[in-house]
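1. Have a look; sequence and predicted model below, questions after that.
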Amino acid sequence: MLLLEFNRDFFEHAGIGIVEELKQQLTIPFDYLNLNPCQSLLFFPHAAGRTDWPSLAADLRRAIRRRYQADCYLAYSEDFSEPSAIPTIFESLEQAMEKRFFLPNTYIFSTSVASPRSEAFLQDESTLFESIEQALQEHHLDLVRQNIHTLCEKYAGQTNFSHLYVKFLFSNLLRDISLSWAHFPEEVLFKKVEAIYRSNSYHEIENVLDKSLDESPQSFPTSSNYVETVKRYISKHYDQEINLESLAEIVYLSPRYLSSIFKKETGCGLNKYIKAFRMEKARELLEHTHMKVVAICDAVGYTNVSYFIQSFREYFGSSPEKFRQKED
């Protein structure tokens, strides 16, 4: 089987004339099946088994380009004997065609077993993503660009990856850029992610990310601004569920970075700060109201009374009831 694929709706415009063109170029018989406006399949008999497929594919591509001024990608399979193998063979052809993304200047592919990803490559990949995230948090744009370029260079030629997997990774990286740097509106971010998934090469993806960094704001809040914003939010919403992830979203930082700067600015972790704030509010309610402990528990953001009492005892050294009696 030979798969022909185009970037645009080629077969819809070429019409049935393409079949005659193929017959003129090929010296061996074949059956033709159009799949969609961008893809068609050619089926060759076993008698053609000794054909030099790379040369045939190259000649066919040149002829199509000369006749239609269009770039064609071709993938050919190994021999098979049963019609029941066609779905599996077709899947392997599409997988081979995925290499287009990793090898942008290559037009002819064959089905073969993908080589496994090396542990060294995966470890290096993880280190690069972490470095990019850290550089984003610290607003070191030159380092971000350098690491993104290095990442693209490393993936180029790694044909054992799925291009959808790679685009997913770079889309997540774009979201990190938005979260930590550019703060894109949702509709703008969606269009940029869409552009990544439409990309046909790493160069196109790198351009999307590079332009996103260029569109970033020129000035940013200081660490103190971030921390004060979080403190104000806690003071107004302590009676609701609060966690590190939701607070990080409010100030457009990653949870890890927010946790780091909050502890650096205040001397204590976020969870400890939230607990202390709630305990002080609970103390005020015990001292100045006649609310029941279960109502106070709910008023300061706890859903489990037993856990609230335990937390209060750990913080003040006595249970809420004993604390109130002592104050009275």
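-> Looks like it arrived, so ask away.
2. so how far is Lys275 from the residue lying closest to Ser199 once chain neighbours are set aside?
-> Nearest non-adjacent residue to Ser199, counting by C-beta to C-beta, 6 or more residues apart in numbering: Ile205, 4.8 Å away. Every C-beta, even on glycine, is put in place using the N, C-alpha and C of the backbone. To Lys275, Ile205 is 43 Å away according to C-beta to C-beta, to the nearest Å.
3. Those two: which has the busier surroundings?
-> It is Ile205, of Ile205 and Lys275, that has more neighbours when counted by other C-beta atoms under 10 Å, with 27 against 18.
4. Would you confirm that that one belongs to a helix?
-> Yes. The assignment for Ile205 is a helix, going by DSSP: H, G, I helix; E, B strand; the rest coil.
5. Please tell me how far it sits from Ser171.
-> Here Ile205 is placed at a distance of 9 Å from Ser171 (C-beta to C-beta).
6. overlap in contacts of these two?
-> Contact criterion C-beta atoms under 8 Å, 6 or more residues apart in numbering; residues shared by Ile205 and Ser171: Ile196.
7. for the protein, what spans make up the strands?
-> 2-5, 31-36, 39-43, 73-76, 108-110 (DSSP state E).
8. Indicate each strand paired with the last one and its parallel or antiparallel sense.
-> The one in question is strand 108-110. strand 73-76 (parallel) (DSSP bridges).
9. Run the chain-centre distance for the partner strand.
-> Centre-to-centre, strand 73-76 and its host chain are 28 Å apart (C-alpha atoms, centre = their mean, to the nearest Å).
10. what is the mean pLDDT for that strand?
-> Confidence for strand 73-76, expressed as mean pLDDT, is 90.
11. Name the residues that touch that strand?
-> For strand 73-76, the surrounding residues in contact (C-beta under 8 Å, 6+ apart) are 1-6, 53-54, 57, 60-61, 93-94, 96-97, 100, 107-111.
12. swap in stretch 201-208?
-> 101-102, 104, 148-149, 152-153, 155-156, 167, 170, 174, 192, 195-196, 199.
13. how's the chain carved up into domains?
-> 2-110, 119-214, 223-327 (automatic domain parsing).
14. averaging pLDDT over each of those domains, which comes out lowest?
-> For those, where the average pLDDT is lowest is domain 119-214, sitting at a mean of 78.
15. how distant is it from the center of its chain?
-> Averaged C-alpha coordinates place domain 119-214 at 8 Å from its chain's average position (C-alpha atoms, centre = their mean).
16. do stretch 257-274 as well
-> 28 Å.
17. can you tell me the distance between the two ends of that stretch?
-> Using C-alpha to C-alpha, to the nearest Å, the end-to-end distance of stretch 257-274 comes out at 17 Å.
18. cool, and stretch 134-147?
-> End-to-end distance for stretch 134-147: 11 Å, by C-alpha to C-alpha.
19. who touches that stretch?
-> By C-beta under 8 Å, 6+ apart, the residues outside stretch 134-147 that reach it are 128, 131-132, 176-177, 180-181, 210, 213, 216, 220, 253-254, 257.
20. 10 Å instead, please
-> By C-beta atoms under 10 Å, 6 or more residues apart in numbering, the list of residues contacting stretch 134-147 from outside reads 127-133, 148, 173, 176-182, 206, 209-210, 213-214, 216, 220, 253-254, 256-258, 260-261.
21. buried residues in it?
-> For stretch 134-147, burial by neighbour count (16 or more other C-beta atoms under 10 Å) applies to 134-137, 144-145, 147.
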